[in-house]
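K.L.:
Sharing a sequence plus its predicted fold:
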Amino acid sequence: MTESTDSLADTDTAPALPDTAGARPVAPTRGALRPLGLGEVRITGGFWHRRQQVNGGPTIEHCRTWMDRLGWTSDFTDPARRGARDGRGLQFADSEVYKLLEAMSWESGRSVGGAHRWRAAVAELSEGVAAVQSPDGYVHTGYGGPGRPRYSDLGFGHELYCAGHLLQAGVAAARTGADSGLLETARRAADHVCEAFGPGGIHGVCGHPEIEPALVELARLTREQRYLDQAVRFLDRRGHRTLPEHAVDRAYFQDDVPIRGARVLRGHAVRALYLSCGAVDAAVETGDEELLEAVAAQYDRTLDRRTYITGGMGSHYAGEAFGDDFVLPADRAYSETCAGVASAMLAWRLLLATGEPRYADALERVLYNVVAASVADDGRSFFYANTLHQRVPTEPAVADRATRRFGGGPRAPWFEVSCCLPNAARLLASLGAYLATADHGGLQLHQYADAEVRTRLGDGRPVGVAVSTRYPDTGTVAVRVTEAPGGPWSLTLRVPHWAEGAVLAEPGGPRRPVAPGTAVVHRAFEEGDEVRLELPVHPRWTFPDPRIDAVRGCAAAERGPVVLCAESPDQGGGDLEDVRVDTGAELKYAGDGAEVDGRFEPPLDNGRPYTSREPAREEADTRTVRLVPYHRWARRGPSTMRVWLPRLD
Ligand code: FUB
Ligand code: ZN
């Protein structure tokens with residue numbers, strides 16, 4: 001990863017941003033924890049800062065360039081194209097422009113460089129969207145003409161899905177001060193949706209959920225009850241065979257079972273996760289504990305049975321869908337980047353609602369092992385699917401063209417379906433808002449990065465801390481108090497589930513062991529006080545549930561929150577299809593990865609896949625197997641890779 005790639009590096013902590021204290025993607029009016037905004041949390045260095053730098057310049061620019069090239073933006077901005085209603089992308093291309101607008105907005109709230117760079121683009125694109133909007137509020141560049149009448153294909157048309165992304169972009173623009181009319185356009189679009197799908201309107205839902213969380217967030221921003229009511233209406237309608245009959249089964253759309261009756265997430269992964277986000281948002285705002293508990297239980301079960309070790313979700317290419325419980329083949333992992341982003345969104349919502357640190361664990365896992373893996377070092381190519389086992393070498397880097405294939409590496413600059421790229425961009429630009437929360441009596445740190453945090457507690461007292469760490473390469477997190485209001489308050493630090501043996505040192509106090517969960521320091525802090533958390537990030541083995549047949553007999557190595565993998569360039573010519581590791585031997589540190597004793601043992605009777613005897617193996621010397629962070633794989637040219645490593649008997 002390059003340290004910095006453009007002038008944003010020098011400007012993103014300069015003190016000239018508008019007040020972005022409230023700039024966050026999710027702003028519940030109630031819940032266990034209050035999320036902080038981009039003006040309250042600034043990531044100042046380290047792993048995520050580097051990725052934010054690349055995201056804020058090259059990635060956003062790359063997405064913009066491609067959308068211009070394909071005509072997706074000029075379907076809005078070109079006066080000659082407006083009203084054509086024959087949009088040049090697929091039916092959800094408008095949503096990519098909206099996600100780009102959202103990413104640009106968050107970036108302009110995150111950094112001064114971002115504000116300089118993207119405000120004008122937000123204004124230009126916003127004007128284009130407003131120009132395409134019909135007088136009654138409807139917006140879509142592809143539907144609404146004679147060939148494709150409005151709402152003529154609720155299953156696959158994505159009109160409400162696109163509208164949802166418009167609403168989220170409008171909210172981001174408003175909360176970051178980047179708004180130049182986008183919120184107004186979004187409100188008019190939402191008014192239209194309430195009119196068209198409200199009481200007496202179309203009794204339908206969108207085949208792709210997204211409008212639901214978007215309406216709730218717009219309601220939070222504008223305090224308009226009818227947007228929340230409409231979100232609840234969509235949620236209640238789903239699961240009653242509301243959508244028309246299609247070749248896919250109803251679980252694909254989550255239209256098989258009412259939300260609160262389901263046990264687990266199923267069907268198309270991104271759809272299921274966005275729907276769950278909307279359900280949590282609505283449950284929180286309406287005080288519907290039953291709904292909140294139902295979605296939390298579904299997500300918990302999904303994490304336990306339908307999630308890759310990376311936090312990735314979706315094991316079927318067909319339907320981009322969840323498999324049944326424990327169907328988690330490494331070499332066929334779909335694990336779409338969008339599903340990773342959506343899981344991060346859901347984990348964050350559940351963390352805010354419940355205060356349960358296990359959701360911060362889930363968020364961390366998917367950030368380091370799906371989102372970070374997806375984006376290339378230069379921010380200009382991406383994984384759509386995130387396999388856990390690449391058997392044949394990835395091809396050389398693909399040319400600057402849109403690809404149709406989703407899996408099998410290498411990262412590609414663009415896809416015919418390019419949902420994942422601006423999705424990762426909007427998450428990375430707003431990542432500061434996923435680090436910390438406050439409640440009445442204290443501040444909670446959920447993710448660790450070099451950061452400055454300043455906010456007010458529920459009782460109005462200002463507090464501030466500076467976090468300094470080389471996490472996840474090392475496990476020491478130092479939190480220095482920069483603003484202490486007087487009187488006691490609590491500083492809560494998450495202790496990840498894997499961190500058995502973690503130690504906490506309070507200012508001037510003894511070191512004490514802390515168990516996974518949270519560690520709380522409650523005292524009258526003074527400025528300069530430091531709390532140190534030491535997390536054991538030495539490499540460790542992880543073993544799969546035996547019901548995951550695809551990886552039975554294997555182990556994976558992890559280091560802190562980072563999943564490791566074996567990649568071919570590090571194995572001295574050893575073929576990863578033949579690798580076997582000794583999980584009884586010491587797993588040793590090696591840079592940000594690990595090394596372990598193992599062997600590369602090709603079976604002697606190659607060529608016969610099924611025999612009546614266990615295949616004999618060549619005698620082979622013990623060899624060192626080298627492991628690197630999974631998120632770093634496929635950055636050194638063509639390679640093979642595997643996360644799950646067969647164990648020596
Ligand atoms: O349908 C819109 C997006 O495209 C979905 O969320 C992705 O899974 C991809 O199919
Ligand atoms: Zn995607």
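P.N.:
The structure has been received and is ready for your questions. Predicted, not measured: the structure shown is a model, and the values here were computed from it. Ligands and ions are numbered 1, 2, ... in the order given.
K.L.:
Please make it C-alpha for all contacts and neighbour counts, starting now.
P.N.:
Will do.
K.L.:
For this structure, list the residues in contact with ligand 2, please.
P.N.:
Contact residues (C-alpha under 5 Å from the ion) of the chain with ligand 2: 338, 419, 420.
K.L.:
now, which of those residues sits nearest residue 463?
P.N.:
Taking C-alpha to C-alpha as the measure, residue 463 lies nearest residue 338 of the residues of the chain next to ligand 2, at 35.1 Å.
K.L.:
what residue lies at the spatial centre of this protein?
P.N.:
For the chain, the residue nearest the mean C-alpha position is residue 341 (2.3 Å; C-alpha atoms, centre = their mean).
K.L.:
among the residues of the chain next to ligand 2, who's most crowded?
P.N.:
Comparing these on neighbour count, residue 338 comes out first with 27 neighbours (neighbours: other C-alpha atoms under 10 Å).
K.L.:
How much space separates it from residue 122?
P.N.:
23 Å (C-alpha to C-alpha, to the nearest Å).
K.L.:
cool, and residue 297?
P.N.:
39 Å.
K.L.:
same deal with residue 287?
P.N.:
The separation that residue 287 has from residue 122, given C-alpha to C-alpha, amounts to 35 Å.
K.L.:
Quick one: mean pLDDT for stretch 133-143?
P.N.:
Confidence for stretch 133-143, expressed as mean pLDDT, is 97.
K.L.:
hang on, I meant stretch 439-455
P.N.:
Rounded mean pLDDT across stretch 439-455 is 97.
K.L.:
With adjacent residues omitted, what lies nearest to the residue in the stretch 401-550 of the chain positioned nearest to ligand 2?
P.N.:
Residue nearest to ligand 2 within the stretch 401-550 of the chain (C-alpha to the ion): residue 420, separated by 3.4 Å. In this structure, residue 420 finds its nearest non-sequential neighbour in residue 338, 5.0 Å apart by C-alpha to C-alpha, 6 or more residues apart in numbering.
K.L.:
How far off centre is the helix or strand that that neighbour is a member of?
P.N.:
Residue 338 is located in helix 337-354, with elements delineated by DSSP states H and E. In terms of C-alpha atoms, centre = their mean, to the nearest Å, the centre of helix 337-354 is set 7 Å apart from its chain centre.
K.L.:
Name the next helix or strand downstream of that helix, please.
P.N.:
Following helix 337-354 toward the C-terminus (DSSP H and E): helix 357-366.
K.L.:
List the neighbours of that next one that are in contact with it.
P.N.:
310-312, 340-341, 343-344, 347-348, 350-351, 446-447, 494, 496-497, 517-518, 561-562 (C-alpha atoms under 8 Å, 6 or more residues apart in numbering).
K.L.:
and these near ligand 1, which?
P.N.:
Applying C-alpha under 6 Å from any ligand atom, the subset of those adjacent to ligand 1 is empty.
K.L.:
before we move on, back to that, okay, the residue nearest to residue 420: pLDDT?
P.N.:
98.
K.L.:
now do residue 649
P.N.:
74.
K.L.:
Distance-wise, check it relative to residue 554.
P.N.:
For residue 649, the distance to residue 554 equals 10 Å [C-alpha to C-alpha].
K.L.:
the more surrounded of those two?
P.N.:
residue 554 (19 against 8).
K.L.:
May I have the beta-bridge partners of the more buried one?
P.N.:
residue 646 (DSSP bridges).
K.L.:
Can you list the buried residues in the helix ranked longest in the chain?
P.N.:
Scanning the chain for the helix with the most residues, using DSSP state H, yields helix 112-132. Within helix 112-132, the residues that qualify as buried are 112-115, 117-119, 121-123, 125-132, counting by 16 or more other C-alpha atoms under 10 Å.
K.L.:
Check stretch 188-204 too.
P.N.:
Here stretch 188-204 shows 188, 189, 190, 191, 192, 193, 194, 195, 196, 197, 198, 204 as buried, counting by 16+ other C-alpha under 10 Å.
K.L.:
Now the terminal residues of that stretch, how far apart.
P.N.:
20 Å.
K.L.:
Identify all contacting residues around it.
P.N.:
Contacts for stretch 188-204 (C-alpha under 8 Å, 6+ apart): 133, 136-139, 154, 160, 163, 167, 215, 226-227, 230, 233-234, 237, 242-243.
K.L.:
Which residues are in contact with residue 379?
P.N.:
Here residue 379 is in contact with 54, 55, 58, 59, 62 (C-alpha under 8 Å, 6+ apart).
K.L.:
tell me the mean pLDDT over stretch 170-186?
P.N.:
For stretch 170-186, the per-residue pLDDT averages 96.
K.L.:
Just the ones of the contacts of residue 379 in strands?
P.N.:
Per DSSP state E, strands hold no members of the contacts of residue 379.
K.L.:
Between those residues, which sits nearest ligand 2?
P.N.:
Nearest member of these to ligand 2, counting by C-alpha to the ion, is residue 59, at 15.4 Å.
K.L.:
Can you classify the residue nearest to that closest one when sequence neighbours are not counted by secondary structure?
P.N.:
Leaving aside its sequence neighbours, residue 59 sits nearest to residue 379 (C-alpha to C-alpha, 6+ apart; 4.8 Å). The local conformation at residue 379, judged by DSSP: H, G, I helix; E, B strand; the rest coil, is coil.
K.L.:
and the gap between residue 379 and residue 52?
P.N.:
10 Å.
K.L.:
what's the closest of the residues of the chain next to ligand 2 to residue 643?
P.N.:
Nearest to residue 643 among the residues of the chain next to ligand 2, with distances taken as C-alpha to C-alpha, is residue 338, at 20.8 Å.
K.L.:
Tell me the spatial nearest neighbour of residue 486, not counting adjacent residues.
P.N.:
Counting by C-alpha to C-alpha, 6+ apart, the residue nearest residue 486 is residue 524, at 6.1 Å.
K.L.:
All set now, cheers.
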